[in-house]
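Visitor: here is my input; please provide its structure:
(chains A and B)
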Amino acid sequence: MKYIYELHRTMLDKDLILIYEGEITQDITKSVLSMAERNMDSYGEQSKIKRKVFNVMVECLQNISKYAVPMEETSDKKNSAVFMIGKEDNSYFITSGNPILSRNVKDIAGRLEKINDLDKDGLKNLYKDIIKNGKISAKGGAGLGFIDMARKSGEKLRFDFEPINDEFTFFSLKTTIPRKLK
Amino acid sequence: MKVLNLAGTEDTPKVVLDKENEIFEISGRSLPEDSAEFFAPILSWIDEYAEENNSETKFLFKLEYFNTASSKLILDILSKLEEVEGVTVVWYYHEDDEDMQEAGEEFEELVELEFEFETY
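Guide: Prediction:
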């Protein structure tokens, strides 16, 4: 049972206030959002910051519920993913990790790199271009989630790909939201 | 013309589209699982309204939050309203919500419609 204590210690050491592991659906998204809102309310977080955290959480969770792929070996787990929110003195961080198809790594990495290369106005123009000319995908996405996360946070998106096997790669994404807005 | 009246939920906005009483309003939170499906009846209602629209239409958006898929559908609504004579968009935002203010300003830049901004 020691791992429970260790998990608890890790959460405290890493300033994690919420961890969810499992399938991510719309209902779970709603529950996680309301838990995080309540948590931020409990220490009287500014509504401005709360809205930004909420915003990034929604895009992150809905990305997973739309695009995460069930791994064959663990298909009983559906689109199993991990989602975490942490709070440090000066920022919140929202982290997610989920398996994706390895063949999509290049495309996702390219999109994220392009976003990280843009400044505030560049992001605004990319957003306007996609909202105007893009189409809602079969999965119901507008192709704007990552851009919105970068815009609302005002920080670079951090990401990593960890190969699982030939077919699947674990995709991690971290967005930081400063608690003192510029 | 029939009234479209949807009660808001924790992930879908409240919608009232009522030609006779001149109420055109979308408010609350919009983060449905399938935004295209949720907004479809609103878009068809506007299509029908455009055939016999009132001389003036004040279309209110009072959104506290919307996801990116909803933002694409909001642009679709605005694009349809562009084709209707006499439309003013009233964009409400919370007084300290600069992101919502900016979102309204961006929509204003994307369409040829008159916008009024109001805070609450």
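Visitor: mind jotting down where the strands sit in chain A?
Guide: A:16-23, A:80-87, A:91-101, A:158-163, A:168-178 (DSSP state E).
Visitor: CSV please, covering those strands and showing distance to chain B and mean pLDDT.
Guide: Heads up, the C-betas are built off the backbone N, CA and C, glycines and all. CSV is the format used below for these (distance: least, Cβ to the nearest Cβ, whole Å; pLDDT from 0 to 100):
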stretch, distance to chain B, mean pLDDT
strand A:16-23, 14, 91
strand A:80-87, 16, 92
strand A:91-101, 15, 94
strand A:158-163, 18, 96
strand A:168-178, 12, 95
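Visitor: dump those strands into TSV; add distance to B:Asn54 and mean neighbour count as well.
Guide: Converted to TSV, the strands of chain A look like this (distance: least, Cβ to Cβ, whole Å; neighbours: other Cβ atoms under 10 Å in any protein chain shown):
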stretch	distance to B:Asn54	mean neighbour count
strand A:16-23	47	15
strand A:80-87	46	20
strand A:91-101	44	21
strand A:158-163	49	13
strand A:168-178	43	20
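Visitor: my guess is A:Ala109 contacts A:Leu157. True?
Guide: No - the criterion here is Cβ atoms under 8 Å, and A:Ala109 misses it with A:Leu157 at 11.1 Å.
Visitor: more neighbours: which of those two?
Guide: A:Leu157 (19 against 14; other Cβ atoms under 10 Å in any protein chain shown).
Visitor: related to what we said a few turns ago, mind putting the strands of chain A into CSV with distance to A:Cys60?
Guide: Listed next are the strands of chain A as CSV, based on distance: least, Cβ to Cβ, whole Å:
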stretch, distance to A:Cys60
strand A:16-23, 11
strand A:80-87, 7
strand A:91-101, 5
strand A:158-163, 12
strand A:168-178, 7
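Visitor: nearest to A:Phe146, out of these?
Guide: The closest of these to A:Phe146 is strand A:168-178. By Cβ to Cβ, the value is 8.3 Å.
Visitor: chain center to the closest one: distance?
Guide: On the basis of Cα atoms, centre = their mean, to the nearest Å, strand A:168-178 sits 6 Å off its chain's mean C-alpha point.
Visitor: which stretch among the strands of chain A comes nearest A:Tyr3?
Guide: Judged by Cβ to Cβ, the one of these that comes nearest to A:Tyr3 is strand A:16-23, at 13.8 Å.
Visitor: give the partner strands of that closest one in its sheet and their orientations.
Guide: strand A:80-87 (antiparallel) (DSSP bridges).
Visitor: got the angle for the strand it pairs with vs strand A:91-101?
Guide: 170 degrees (axes from the mean of the first three to the mean of the last three Cα atoms, to 10 degrees).
Visitor: over to B:Tyr108. Which of the three states is it?
Guide: Not Tyr; residue B:108 is Glu. Judged by DSSP: H, G, I helix; E, B strand; the rest coil, the three-state class of B:Glu108 is helix.
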